[in-house]
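J.: build me a model from this:
(one chain, ligands or ions: 1)
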Amino acid sequence: MIFIRALEQKILAEGKILPGEVLKVGSFLNQQIDTKLLKDMGDEIARLYEGNNVTKVLTIESSGIAIAYAAGLAMGLPVVFAKKHSSSNLSGNILTSQVYSYTHQQTYDIMVSGDYITSNDTVLIVDDFLAKGNALKGLIDIVNQAGAKLAGCAIAIEKGFQGGGDELRAKGVRVESLAIIDKMTDDSLEFRS
Ligand code: G4P
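T.: Below you'll find the predicted structure:
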């Protein structure tokens, strides 16, 4: 709880609200990284999912990687990230899904090597932002294609008013967000209590 309040204070102090219901947090999460804050986020995610027998942390490039690394380090687990562009590093058994980005209004493919997520894994999905939930749905699709078990999702900042988190919770997916914004106007934010 103390940590969650610290994250909310950081969002209030440094977050900038942009047109299109976008919260800019480049000063600590999306471009410059506050390493101590990210370490604390990773520790909190590890605490939330303790005892869930997680074997892999899964995220999506690029902004999810820092928080996923912090969580993986705290849990002593490898981190796998879905790629948005095919590369020569990806070959053989590839798991793919399509994600529609509401923020960028375009559909893109995500790809993970089937060597890194398998039916022996219990996966925790970690990401920096949750809006409509399309990125999470794509990652969950990949976990299902691999035949792996899903422990749940852990997110730094959820925009609760965009509904993606609650939609997944209603389907029985465990979604833990360290800060949930329920209301955002041009100059104010309200967190879920
Ligand atoms: P969804 O996955 O929840 O449906 O959201 P959406 O498609 O709208 O999100 C697309 C991208 O925008 C994601 O990053 C997501 O993390 C980011 N995003 C969504 N809302 C916000 C916001 O209010 N503030 C910030 N800073 N980011 C937001 P991405 O396109 O995958 O890019 P990357 O930054 O991970 O490389």
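
J.: could you pull out the helices for the chain?
T.: Applying DSSP state H to the chain gives helices spanning 2-14, 35-48, 64-75, 134-146, 164-170.

J.: with respect to burial, which of those helices scores highest?
T.: The highest mean neighbour count among the helices of the chain belongs to helix 64-75 (a mean of 22), with neighbours defined as mean count of other Cβ atoms under 10 Å. From N, CA and C alone the C-beta is placed, and that goes for glycine too.

J.: list just the one of the helices of the chain that sits closest to D109.
T.: D109 sits nearest to helix 134-146 of all the helices of the chain, at 8.9 Å, using Cβ to Cβ.

J.: touching, L38 and A66? I think so.
T.: Yes: L38 is within contact range of A66, at 5.6 Å (criterion: Cβ atoms under 8 Å).

J.: what parts of this structure come near the ligand?
T.: Residues of the chain lying close to the ligand (Cβ under 6 Å from any ligand atom) are 22-25, 30, 60, 62-64, 101-104, 128-135, 159, 164.

J.: filter those to the buried ones?
T.: 23, 25, 30, 60, 63-64, 128-135, 159, 164 (16 or more other Cβ atoms under 10 Å).

J.: looking at those residues, which is nearest K84?
T.: Nearest to K84 among those is I60, at 7.3 Å by Cβ to Cβ.

J.: what's the spacing between the closest one and K36?
T.: 24 Å (Cβ to Cβ, to the nearest Å).

J.: let me know the pLDDT of I2.
T.: Reading off the per-residue confidence, I2 sits at a pLDDT of 64.

J.: so which of the buried ones among the residues of the chain next to the ligand belong to strands?
T.: Using DSSP state E, the members of those that fall in strands are L23, I60, D128, F129, L130, K159.

J.: now the two most distant members of the residues you listed.
T.: Top of the distance list for those (Cβ to Cβ): L23 and I60, 18.3 Å.

J.: what is the residue nearest the centre of the chain paired to in the beta sheet?
T.: Taking Cα atoms, centre = their mean, the centroid of the chain lies closest to D127, which sits 1.3 Å from it. Beta-bridge pairing of D127 under DSSP bridges involves I155.

J.: residues contacting it?
T.: If you count contacts by Cβ atoms under 8 Å, 6 or more residues apart in numbering, D127 has them with T59, I60, G64, I67, A68, A135, L136, L139, C153, I155, A156.

J.: rewinding a little: want to try TSV for the helices of the chain, with distance to N120 as columns?
T.: TSV is the format used below for these (distance: least, Cβ to Cβ, whole Å):
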stretch	distance to N120
helix 2-14	32
helix 35-48	21
helix 64-75	17
helix 134-146	9
helix 164-170	24
